[in-house]
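Peer 1: take a look and give me a structure for this.
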Amino acid sequence: MSKVNGFEFEIDKKVVLTNTEVGAFQTSASVVKLASVFIPANTFAANDICVIQYRCEKSNGLAVGNFNFYWNTSDTLTSATQLSTRANTATLQYTAGYRRIAIRTSNNNTLISAVSYSQDTDYSNWLNTNPSTVSINWTVDSYLLLGGNSGGSTPVRCISLNISN
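Peer 2: Below you'll find the model as predicted:
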């Protein structure tokens, strides 16, 4: 912990899980898996905040890019639980995002910003709307996945995906 004007700030992360492999560009009309991070069972527990940070790229600025987060017990988007959505404008080639997941109980009650909230961060959404509750079992091995597409006209890829507390 570090103190600034009497306030404590946690600067050392206890958990950092990263996908540092820059993915290949993918072109698809439907959402495809761009990256994933394996989360061992019990890595996060009740009262933790799971922080997701990502950077993505489109090969050009000609189409809207869609980037979504998912949770699943297997490394696939099939039957995955969607946690967020992000649609960036056609002219933006790069996008970065920051989302937080508040874990109330370790086996089923997790708060997230509304899935339909399509912004880079969830800051203003937490202030202006009620969060959504989603069932995630953090006591089993699982994956946080990043999926994306651009309607099939422009290739997209993940540059980085980081999960921390």
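Peer 1: need the helix or strand of this protein with the lowest average pLDDT.
Peer 2: strand 2-4 (a mean of 44; mean pLDDT, DSSP states H and E).
Peer 1: didn't Thr27 look like it was pressed against Gly151?
Peer 2: No - the criterion here is Cβ atoms under 8 Å, and Thr27 misses it with Gly151 at 9.5 Å. C-betas here are computed from N, CA, C, even on glycine.
Peer 1: Lys33 contacts Leu146, correct?
Peer 2: Yes - assessed by Cβ under 8 Å, Lys33 is found in contact with Leu146 at 7.5 Å.
Peer 1: compare the two (neighbour count), which wins?
Peer 2: When Lys33 and Leu146 are compared for neighbours, Leu146 comes out ahead with 26 against 20, by other Cβ atoms under 10 Å.
Peer 1: quick one: which helix or strand includes that one?
Peer 2: Assessed by DSSP states H and E, Leu146 sits inside strand 142-149.
Peer 1: what comes into contact with that strand?
Peer 2: 26, 28-39, 41, 52, 54, 56, 65-77, 80, 83, 136, 156, 158, 161, 163 (Cβ atoms under 8 Å, 6 or more residues apart in numbering).
Peer 1: if we use 6 Å, what do you get?
Peer 2: Residues outside strand 142-149 that contact it (Cβ atoms under 6 Å, 6 or more residues apart in numbering): 28, 31, 33-39, 54, 66-68, 70-73, 75, 77, 156, 158, 161, 163.
Peer 1: go on, stretch 54-63?
Peer 2: 25, 65, 67, 90-91, 93-97, 146, 150-151, 153-161.
Peer 1: buried ones only from those, please, as a ChimeraX command.
Peer 2: Selection of buried members from these for ChimeraX, criterion 16 or more other Cβ atoms under 10 Å:
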select :65,67,90,95,96,97,146,150,154,155,156,157,158,159,160,161
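Peer 1: okay, and which of the contacts of stretch 54-63 map to helices?
Peer 2: Among the contacts of stretch 54-63, no member falls in helices (DSSP state H).
Peer 1: in strands, which of the contacts of stretch 54-63 appear?
Peer 2: 65, 67, 94-97, 146, 156-161 (DSSP state E).
Peer 1: give me the below-cutoff pLDDT ranges for this protein.
Peer 2: 1-14, 20, 106-130 (pLDDT under 70).
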